[in-house]
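**Student:** structure for this input, please:
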Amino acid sequence: NLNGWTARHRNDAFAARMAPVQAAYLGYPGTMGVGYIEFLVADRVVAPVEMQGGYSEKLVYVPGCFYVNDHKRYHAEEARAQELAGKATSQQRRDA
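**Tutor:** Got it, this is the predicted structure:
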């Protein structure tokens, strides 16, 4: 489940137990508070060990940060379009 209780969630499908093991990750870092999501993928900042009792899910900790993202990701198509438009080169963007 990547949405949790955010807009356009599909929790009715999870409540129907569409998979033998169900986990929450990314879009909603808090507890779902329901019995049909067994695990929550988190880190120790989002879900401190001493707060485990407040979660309905079993917490699965990942090292570092649970939210994998990098604002410096390289997007080849965007980069090429910007280069053709005379904007920053790919190397300049990677070095930023």
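**Student:** quick check, Leu40 in a strand?
**Tutor:** Yes: per DSSP: H, G, I helix; E, B strand; the rest coil, Leu40 lies within a strand segment.
**Student:** identify the residue spatially nearest to it, adjacent ones excluded.
**Tutor:** Spatial nearest neighbour of Leu40, chain neighbours left out: Glu57 (3.9 Å); criterion: Cβ to Cβ, 6 or more residues apart in numbering. Placement of C-beta: from N, CA and C, glycine included.
**Student:** how many neighbours does that neighbour have?
**Tutor:** Residues within reach of Glu57, counting by other Cβ atoms under 10 Å, total 21.
**Student:** so how far is Ala19 from Gly35?
**Tutor:** According to Cβ to Cβ, to the nearest Å, Gly35 and Ala19 sit 14 Å apart.
**Student:** and those two? Which one has more around it.
**Tutor:** The neighbour comparison of Gly35 against Ala19 (other Cβ under 10 Å) goes to Ala19, with 12 against 9.
**Student:** and the pLDDT for that one?
**Tutor:** At Ala19, the pLDDT value in this model is 93.
**Student:** doesn't Glu77 belong to a strand?
**Tutor:** No: read with three-state DSSP, Glu77 is helix and lies in no strand.
**Student:** what separates it from Leu84, distance-wise?
**Tutor:** Taking Cβ to Cβ as the measure, Glu77 falls 11 Å from Leu84.
**Student:** kindly report the same for Val21.
**Tutor:** Taking Cβ to Cβ, one finds Val21 at 47 Å from Leu84.
**Student:** quick check: Ala81 is in a helix.
**Tutor:** Yes: the assignment for Ala81 is a helix, going by three-state DSSP.
**Student:** what about it, neighbour count?
**Tutor:** Neighbour count for Ala81, taken as other Cβ under 10 Å: 11.
**Student:** equivalent analysis for Glu77, please.
**Tutor:** By other Cβ under 10 Å, the residues close to Glu77 number 7.
**Student:** kindly report the same for Ala16.
**Tutor:** Neighbour count of Ala16, defined by other Cβ under 10 Å: 9.
**Student:** now do the same for it: its pLDDT.
**Tutor:** Note for Ala16: predicted pLDDT of 95.
**Student:** look up how far Leu26 lies from it.
**Tutor:** The value you get for Ala16 to Leu26, if Cβ to Cβ is used, is 21 Å.
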